[in-house]
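In: this one's structure only:
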DNA sequence: ATTGCGTGGGAAAAGCTTTTCCCAGACAAC
DNA sequence: GTTGTCTGGGAAAAGCTTTTCCCACGCAAT
């Protein structure tokens, strides 16, 4: 906290009852100084005797004075406030991002307005309007899917905008995304390094960019390992456990019995693991499995616990905060940046 | 939106490039009127000719004028802003609450500051300090568990405070909670109404108030149905699928084979369902199961899909918004209110 | 004793809006 | 033609801070 030594952060919430929050006039009056002097005393600026300074601070603490940030913001034309517009109703993916972002910004004393638009352009517009009225210093846009969306700007006054887990054709804005392709490479190379040679891929709907990118990573990692791409080993469906079970059944009835499966998410992976267990196929001995998302609810509850790819969403959120701060400070950042995923090895591909 | 007819909500984000956001002075100058007149023209107040009014509005729209809410807030001593402090890092339970709350408040043009304290009193204090500086009109406190916490106030200036999914000994504040006991009654009466007579209860750690309340509901519903409470049928453990499996195993090896299980949450219920299936016990034919939370990730993926108790968290969040609005409007609300849960019947107790 | 300088503190403006009060002008009525 | 009334619009204050500029006083130096 930059102002952790300012008097109001230490005092009680309020000691003296005022009819409304005390202002600097109250402080000045009670300390027998002018308003300007009181302000200088509280802000470590100006030339004041130590004595006066302390007197003012003491009074401020006693009456629970806390500067009105609205007035401060108005004065300095910076609100120390940013907005987040989400289209995920803050679901599983945006949440860690938003949490890390909020934490980073809180470190700088910047508060976060949270707006949920749930893919409704009218609501998004309404929120945006309100945020602009509140003179936010920056804007973060996030979503459930990393697919391209229409730009939310551009803004005449150069409002800094960061898209995270989301992207748009917005030349002035920065997009921060996980490296889906790299994550898939990580998973498949890991499986190959275990000696697996028949690696299947069960995943979600192909209209997701993430599905296409992870598929690309799967293929390139296979090629790098000198393994053939087998058509029947690629199964695109939906993001559910039921599909994972169904696809696994299919792999072991019609297709040629793989010895490893890379799944597009952890739900599919868990479904596949369940199906294999019920078929009497041992995981990881007969078939190794790696999921995607590293969602503990799935990976830890599955039998056996699932290896998975972690998109490092907290790090992504934190970086979004860093970047936004840089942009607010005047730096120009733009383009699309993809950040690496991590492989988390558990029993399903362990040993 | 109360001001949906004000000009700025319809115009473009910005048409003319200003060095910084245009102010009402710019509008007044370009429309050849005084600042006061411009304000009146834009706000439907005062006595102005229709002509002047339209001229001002046209200019405002053309230059993308948007009133500075910081100045408005400063003037009217209402920020139209509230804060939410969460200690759940916005997890599964607080999300729906916060989402509904934000939606309700957005309807009134009130923006929401989101703060995550994660059970760290220092961070909570820091956030609170900042929020008070920003002159929020109200505060919502939420948490991962509904257990009692230390009050966040009291505040000298009567800041409205609502605890939701959380409670504290704060005489001036309102607490809104789900009726855990009633939810348990709902579940157990439902099972009894299906003709089940040996109803077990597998649940989480007893230091959770929710566990104790649901247990109480379980017992009172048993009594109401004229069923005996059997000691071996109550199993308290942790909130996990693994515990659900383990407890179910125990019920069917040592205890006297129940014909229904009411589970303290959906993860336990899913674990129990899995264990039963693997023992060759049919759900719901041999044993009916009802979970708690109605968490779709569990209830829909389980085999069979799980009946569950829904805490109606969205309704709770919306009501928290309503109450906070009332309190901001001057109404005095306090005490602890518990809101009913709903029973969602699926296959695990269906037919 | 007078000049000069430094120091401590005050006055005022600026940032943007809203609202109240007031004034000037126009028109009607006498 | 003069008075009165209504109407359209302007001036100014208030809301709270910060910051710049300036002034007055005291002390030291000549």
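Out: Thanks, I have it. These numbers come from a predicted model, not from an experiment.
In: And residue A:256, which helix or strand is it part of?
Out: Under the criterion DSSP states H and E, no helix or strand holds residue A:256.
In: What residues does chain A have near DNA strand D?
Out: A:20-21, A:23-25, A:35-36, A:39-40, A:42-43, A:45-46, A:65-68, A:71-72, A:74-76 (Cβ under 7 Å from any atom of the strand). Every C-beta, even on glycine, is put in place using the N, C-alpha and C of the backbone.
In: one more time with 6 Å, if that's ok
Out: A:23-25, A:35-36, A:39-40, A:42-43, A:45-46, A:67-68, A:71-72, A:75 (Cβ under 6 Å from any atom of the strand).
In: list the contacts for residue A:183?
Out: Counting by Cβ atoms under 8 Å, 6 or more residues apart in numbering or on different chains, residue A:183 touches A:214, A:217, A:292, A:309, A:311, A:340, A:341.
In: Tell me the secondary structure at it.
Out: helix (DSSP: H, G, I helix; E, B strand; the rest coil).
In: thinking again about what came up before, please list which of the residues of chain A next to DNA strand D also come close to DNA strand C.
Out: A:35, A:36, A:46, A:71, A:75.
In: Write the ChimeraX selection for whichever of those are buried.
Out: Buried residues among these (16 or more other Cβ atoms under 10 Å in any protein chain shown), as a ChimeraX selection:
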select /A:71
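In: Now intersect the residues of chain A next to DNA strand D with the helices, please.
Out: Judged by DSSP state H, helices contain the following of these: A:24, A:25, A:35, A:36, A:39, A:40, A:42, A:43, A:71, A:72, A:75.
In: tell me which of those is nearest to residue A:99?
Out: residue A:72 (26.8 Å; Cβ to Cβ).
In: and the closest one, how many neighbours?
Out: The tally of other residues near residue A:72 (other Cβ atoms under 10 Å in any protein chain shown) stands at 16.
In: cool, the one 5 residues further on as well?
Out: Neighbouring residues of residue A:77 were enumerated by other Cβ under 10 Å; the total is 12.
In: my read: it touches residue B:68, true?
Out: No: under the criterion of Cβ atoms under 8 Å, residue A:77 is not in contact with residue B:68, lying 9.5 Å apart.
In: what residues are shared contacts of the two?
Out: residue A:135.
In: can you narrow the ones next to DNA strand C among the residues of chain A next to DNA strand D to ones near chain B?
Out: residue A:71 (Cβ under 8 Å from any Cβ of the partner chain).
In: Export the ones next to DNA strand C among the residues of chain A next to DNA strand D to a markdown table and append columns for pLDDT.
Out: Shown next, in a markdown table, are those (pLDDT from 0 to 100):
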| residue | pLDDT |
| --- | --- |
| A:35 | 92 |
| A:36 | 89 |
| A:46 | 70 |
| A:71 | 95 |
| A:75 | 93 |
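In: helix, strand or coil for residue A:262?
Out: Quick answer, by three-state DSSP: residue A:262 is strand.
In: On the pLDDT front, check it for me.
Out: Per-residue confidence (pLDDT) for residue A:262: 98.
In: What number of residues are in the vicinity of it?
Out: 34.
In: surely it meets residue A:196?
Out: No: with contact defined as Cβ under 8 Å, residue A:262 does not count as touching residue A:196 (9.8 Å).
In: What's the end-to-end length of stretch A:70-88?
Out: One end of stretch A:70-88 to the other measures 30 Å (Cα to Cα, to the nearest Å).
In: again with stretch A:337-348
Out: For stretch A:337-348, the first-to-last residue distance is 31 Å (Cα to Cα).
In: Please enumerate residues in contact with it?
Out: A:174-180, A:182-183, A:186-187, A:190, A:269, A:273, A:283-284, A:288-291, A:294, A:299, A:302, A:304-312, A:315-316, A:319.
In: If we go by neighbour counts, what in that stretch is buried?
Out: A:338, A:339, A:341, A:343, A:344, A:346, A:347, A:348.
In: Taking the residues you listed, tell me the two that lie furthest apart.
Out: Largest separation among those by Cβ to Cβ: A:338 and A:347, giving 29.3 Å.
In: coming back round to it: if we only consider the ones in helices among the residues of chain A next to DNA strand D, which is nearest to residue B:144?
Out: The closest of these, once distances to residue B:144 are taken by Cβ to Cβ, is residue A:72, at 33.8 Å.
In: for chain A, what spans make up the strands?
Out: A:81-86, A:111-116, A:138-142, A:148-149, A:161-164, A:167-168, A:174-178, A:199-203, A:234-236, A:260-263, A:288-292, A:307-310, A:335-339, A:342-344 (DSSP state E).
In: which of these sits most buried?
Out: Ranked by average neighbour count under the criterion mean count of other Cβ atoms under 10 Å in any protein chain shown, the strands of chain A are headed by strand A:260-263 at a mean of 31.
In: Distance from that strand to the middle of the chain?
Out: 26 Å (Cα atoms, centre = their mean, to the nearest Å).
In: Is chain B within reach of that strand?
Out: No: using Cβ under 8 Å from any Cβ, strand A:260-263 never reaches chain B; the gap is at least 14.5 Å.
In: same thing with stretch A:156-165?
Out: Yes: residues of stretch A:156-165 contacting chain B under Cβ under 8 Å from any Cβ: A:156, A:157.
In: distance between the ends of that stretch?
Out: End-to-end for stretch A:156-165, by Cα to Cα: 25 Å.
In: How about stretch A:162-173?
Out: Stretch A:162-173 end-to-end distance (Cα to Cα) = 6 Å.
In: pLDDT (mean, whole number) over it?
Out: 91.
In: hmm, who's touching it?
Out: Contacts for stretch A:162-173 (Cβ under 8 Å, 6+ apart): A:87, A:93-94, A:97, A:101, A:138-143, A:145-154, A:158, A:161, A:174-178, A:313, A:316-317, A:320, A:323-324, A:327, A:332-334, A:336.
In: For the ones next to DNA strand C among the residues of chain A next to DNA strand D, work out which two are farthest apart.
Out: The widest separation within these (Cβ to Cβ) is 18.3 Å, between A:46 and A:71.
In: distance of residue A:74 from residue A:327?
Out: Taking Cβ to Cβ, to the nearest Å as the measure, residue A:74 falls 22 Å from residue A:327.
In: Residue A:184: what's it in contact with?
Out: By Cβ under 8 Å, 6+ apart, the neighbours of residue A:184 are A:213, A:214, A:215, A:216, A:217, A:218, A:221, A:262, A:292, A:309.
In: Could you count how many residues lie near the residue nearest to it when sequence neighbours are not counted?
Out: Nearest residue to residue A:184, sequence neighbours excluded (Cβ to Cβ, 6 or more residues apart in numbering or on different chains): residue A:217, at 2.8 Å. When neighbours are counted by other Cβ under 10 Å, residue A:217 registers 25.
In: Go ahead and confirm residue A:217 touches residue A:182.
Out: Yes: using Cβ under 8 Å, residue A:217 is in contact with residue A:182, at 6.5 Å.
In: ok, which stretches of chain A are helices?
Out: Going by DSSP H, chain A shows helices at A:24-31, A:35-43, A:50-63, A:69-76, A:94-107, A:121-133, A:180-193, A:209-224, A:241-253, A:266-279, A:296-299, A:313-328.
In: buried set for the third one?
Out: I take that to be helix A:50-63. Neighbour-count burial for helix A:50-63 [16+ other Cβ under 10 Å]: A:52, A:53, A:55, A:56, A:57, A:59, A:60, A:61, A:62, A:63.
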